[in-house]
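*Asks:* Need the 3D shape of this:
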Amino acid sequence: MAKLTAAEVDEALTGVPEWHESGDTIQRTFQLKDFVQAIEFVNRIAAVSEAANHHPDLLIRYSRVTLTLATHDAGGITEKDFDLAKKADALHTAMVPPGAVKKKANTTPTIPPQTSATSGKPPVKTPKPK
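*Replies:* Modelled structure (predicted):
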C-alpha cells in the first residue's frame, strides 16, 4: 500500500475529525467510562486490528486510550490507517454513545513516532538538565 501525500492525508483527516496527524502517524485519544471499559475497548481494537493485519500503538491511561496509526511497511500514513481509524471510531461510538461520558481535558501527551521518517532510527532524546 502506498504512503499518502500530505494533501491526501489532510483530505482523509476530514473524514475522521477527532484524529490528528503526529509526525508520520495519525492519532486519537478515546475517553471511556472507566478502566474496565478502556480495556474492553482495547480488546475490541485488538480483534479488529488482528483481522486487518494492521496493529496500532496503544497507550492506556485509566479511562483514556490513545491509538497511534502508521503503516510501517510504507514508511508513513496510508489508507489502511484511515480504515482502522474509522473502525475504531465506530467501536467507540457503539460502546460510548456521544455525550455519555463527559470529556476531560486532553492531558495525554502526544506519543512521538517510534522512528525518524528520514533515518529509520529512534528519535534522539535530549538529556534533562540537572
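*Asks:* Any regions of this structure where pLDDT drops low?
*Replies:* For the chain, the stretches with pLDDT under 70 are 101-130.
*Asks:* one more time with 50
*Replies:* 105-106, 116, 118 (pLDDT under 50).
*Asks:* how about stretch 26-46: buried residues?
*Replies:* Counting neighbours by 16 or more other CB atoms under 10 Å, one finds that the buried residues in stretch 26-46 are 26-32, 37-38, 41-42, 44-45. For every residue, glycine as well, the C-beta is placed using N, CA and C.
*Asks:* what about the helices in this protein?
*Replies:* 6-13, 35-52, 79-95 (DSSP state H).
*Asks:* which one of those helices is the most hemmed in?
*Replies:* Comparing the helices of the chain by mean neighbour count (mean count of other CB atoms under 10 Å), helix 79-95 ranks first with a mean of 18.
*Asks:* Could you export that helix as PDB, CA atoms only?
*Replies:* Provided in PDB are the C-alpha atoms of helix 79-95 (Å, rounded to 0.1, in the frame of the first residue of the first chain):
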ATOM      1  CA  GLU A  79      -5.400   4.300   3.500                       C
ATOM      2  CA  LYS A  80      -5.000   1.300   5.800                       C
ATOM      3  CA  ASP A  81      -4.600   3.700   8.800                       C
ATOM      4  CA  PHE A  82      -7.700   5.600   7.900                       C
ATOM      5  CA  ASP A  83      -9.700   2.400   7.500                       C
ATOM      6  CA  LEU A  84      -8.700   1.300  11.000                       C
ATOM      7  CA  ALA A  85      -9.300   4.800  12.400                       C
ATOM      8  CA  LYS A  86     -12.900   4.600  11.100                       C
ATOM      9  CA  LYS A  87     -13.400   1.200  12.600                       C
ATOM     10  CA  ALA A  88     -12.000   2.400  16.000                       C
ATOM     11  CA  ASP A  89     -14.400   5.400  15.900                       C
ATOM     12  CA  ALA A  90     -17.300   3.100  15.200                       C
ATOM     13  CA  LEU A  91     -16.300   0.700  18.100                       C
ATOM     14  CA  HIS A  92     -16.100   3.700  20.400                       C
ATOM     15  CA  THR A  93     -19.400   5.100  19.400                       C
ATOM     16  CA  ALA A  94     -21.000   1.700  19.900                       C
ATOM     17  CA  MET A  95     -19.600   1.400  23.400                       C
END
